[in-house]
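Peer 1: A structural model of the following input is requested.
(one chain, ligands or ions: 1)
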Amino acid sequence: MDPRAYLCPRCGGDHEDPGIFDVHYDYAAARGQLARRADVFRYLPLLPVRGVGAVLNAGGTAMVEAPRLAKRLGLRALYLKDETRNPTRCLKDRATAIATTLALELGVRDVYCASAGNAAISLAGFAAHAGLRCHVFVPSYASPVRLDWLRRFGAEVHVSKGDYDQAFAEAEEQGKAHGWYSRNCAFNPFLVEGKKTCGLEIAEQVPADFVVAPVGDGCTLGGIGKGLREAREIGLTDRVPKLIGVQAAGVQPMVARFRGVQAEAGDTKAASIAVRRPRNALRLMRELRECGGEMIAVSDVQIGEAQRVLAEDAGIVAEFTSAATLAAVESMESLRGKTVVLVITGGRPD
Ligand SMILES: Cc1ncc(COP(=O)(O)O)c(C=O)c1O
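Peer 2: Below is the predicted model:
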């Protein structure tokens, strides 16, 4: 395996999906071979690394039952997969654990990514711990709180004059020019392998009917879907829940793509999923089709209300983007009587 083989030279071409590779494993050999540990490296036979990395411990997060919310929403059960308990308080740490492990295995000392905040902060924290140089490219609107986190971790911060899409292009140009290792999940296929461990954990923790997560580029929910399928493949479960992807009504290109309609231009306060040109759309569309899932959009007002309710009725401080999951469930009659998992992807103040 070449850890720098990011894109397929033959496919892609779709400007919304550059042909990101997908990683496959010997699933028969992986059965019964999980490591006795409670972090992402538990799933070592299903990860693209040579061994356990000397990196911060990501994964092994709690599944919190929320009976008061379940009752109020008419669900059989509601669980919150609390990804805020990762080292830098975000699901992104799962992918970063793999990126830093691969950089260390390759002997590369510089890592980079583009991000509205969370992935960059995650990379900066892991790089600080592993002694790597970290270059992050953030959009012009990155919040002061997030820039402060980046500087505390000692990252080299490039603030773009444009949006996330422009920061992404600048990151790829510089990363390529200098030979840094990429932590752009919507480019480096090995990072989705880290995110999928969230799906593997969910499969081991609860028998869910639905798993709900916010969608930007599509790597997070696409990765979770892959993990849920692989869990069945290696005999951890015999069911695969349906995926529900959530976007903000103001920026909903994935919802439009799923429904085969044109996305309208708008805006949202949910900065982490305000991605107008999603780069891992094909993977997520494939996962949604495979499990019979769907994509839905919710307004910023609904998200704000859901963020308040998550804190008041479940004791979870979710970031604005992550609260979109609860807003989605509140608007979906079809989930009544079901067991639902919300992936609380991050908990940092915006
Ligand atoms: C907290 C949070 N949730 C969800 C997402 C969406 O992930 P993806 O872009 O992989 O779809 C992000 C991405 O930045 C995020 O930071």
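Peer 1: Could you tell me the average pLDDT over the helix or strand harbouring G225, please?
Peer 2: Here G225, judged by DSSP states H and E, is contained in helix 219-233. Within the predicted structure, the mean pLDDT of helix 219-233 is 98.
Peer 1: just the angle between the next helix-or-strand element following that helix and helix 219-233, please?
Peer 2: Going down the chain from helix 219-233, the next helix or strand is strand 242-248, by DSSP H and E. Interaxial angle of strand 242-248 relative to helix 219-233 (axes from the mean of the first three to the mean of the last three CA atoms, to 10 degrees): 170 degrees.
Peer 1: got the contact list for strand 242-248?
Peer 2: By CB atoms under 8 Å, 6 or more residues apart in numbering, the residues outside strand 242-248 that reach it are 209-215, 218, 221, 224-225, 228, 253-255, 258, 268-270, 273-274, 284, 287-288, 291-300, 303, 324-325, 327-328, 332. The way it works is simple: take the backbone N, C-alpha and C, and place the C-beta from them, glycine included.
Peer 1: just to revisit the earlier point, for the helix holding G225, which positions count as buried?
Peer 2: Along helix 219-233, these residues count as buried under the neighbour rule (16 or more other CB atoms under 10 Å): 219-231, 233.
Peer 1: Which ones among the contacts of strand 242-248 also lie next to the ligand?
Peer 2: P214, V215, G218, I273 (CB under 6 Å from any ligand atom).
Peer 1: Same list (those) but as a markdown table, adding neighbour count and secondary structure.
Peer 2: Shown next, in a markdown table, are these (neighbours: other CB atoms under 10 Å; DSSP: H, G, I helix; E, B strand; the rest coil):
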| residue | neighbour count | secondary structure |
| --- | --- | --- |
| P214 | 31 | strand |
| V215 | 32 | coil |
| G218 | 30 | coil |
| I273 | 26 | helix |
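Peer 1: Just the buried positions in the longest helix belonging to the chain, please.
Peer 2: When the chain is parsed with DSSP state H, its longest helix is helix 189-205. By neighbour count on 16+ other CB under 10 Å, the buried set for helix 189-205 is 189-203.
Peer 1: Alright, I will stop here.
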